[in-house]
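**Q** predicted coordinates and the sequence they were generated for:
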Amino acid sequence: RRISRYVPYVETYRKRVFFVWRTMTRINYRWE
């Protein structure tokens, strides 16, 4: 039940990480 409260936080964190990772890969690819 306690984990339920952290679900939204984890979702946002995952989205943010994914977005940052995507942008970083894009820059890396561009610099290659």
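**A** Thanks, I have the structure now. Keep in mind the model is a prediction, meaning the values are calculated, not measured.
**Q** okay, the spatially most central residue of the chain and Val7: tell me how far apart.
**A** Centroid-nearest residue in the chain, with Cα atoms, centre = their mean: Val17, separated by 1.8 Å. Separation of Val17 from Val7 (Cβ to Cβ, to the nearest Å) stands at 16 Å. For glycine as for every other residue, the C-beta is placed from the backbone atoms N, C-alpha and C.
**Q** low-confidence ranges, the protein, go.
**A** Along the chain, segments meeting pLDDT under 70 span 1-3, 31-32.
**Q** show me where it has helices.
**A** Listed in chain order, the helices of the chain (DSSP state H) span 2-31.
**Q** just give me the neighbour total for Thr12.
**A** Counted with other Cβ atoms under 10 Å, residues neighbouring Thr12 total 10.
**Q** same deal with Trp21?
**A** Neighbour tally, Trp21, other Cβ under 10 Å: 10.
**Q** how far away is it from Tyr29?
**A** As judged by Cβ to Cβ, Trp21 and Tyr29 stand 12 Å apart.
**Q** what do you get for Arg16?
**A** Arg16 sits 20 Å away from Tyr29 when distances are taken as Cβ to Cβ.
**Q** same check on Arg22?
**A** Distance from Arg22 to Tyr29, by Cβ to Cβ: 11 Å.
**Q** got it, and Val17?
**A** Distance from Val17 to Tyr29, counting by Cβ to Cβ: 18 Å.
**Q** and for Arg14?
**A** Taken as Cβ to Cβ, the span from Arg14 to Tyr29 is 22 Å.
**Q** please apply the same query to Val10.
**A** Separation of Val10 from Tyr29 (Cβ to Cβ) stands at 28 Å.
**Q** what of Pro8?
**A** Distance from Pro8 to Tyr29, by Cβ to Cβ: 32 Å.
**Q** rewinding a little: show me what contacts the residue nearest to the centre of the chain?
**A** Applying Cβ atoms under 8 Å, 6 or more residues apart in numbering to Val17 gives no contacts.
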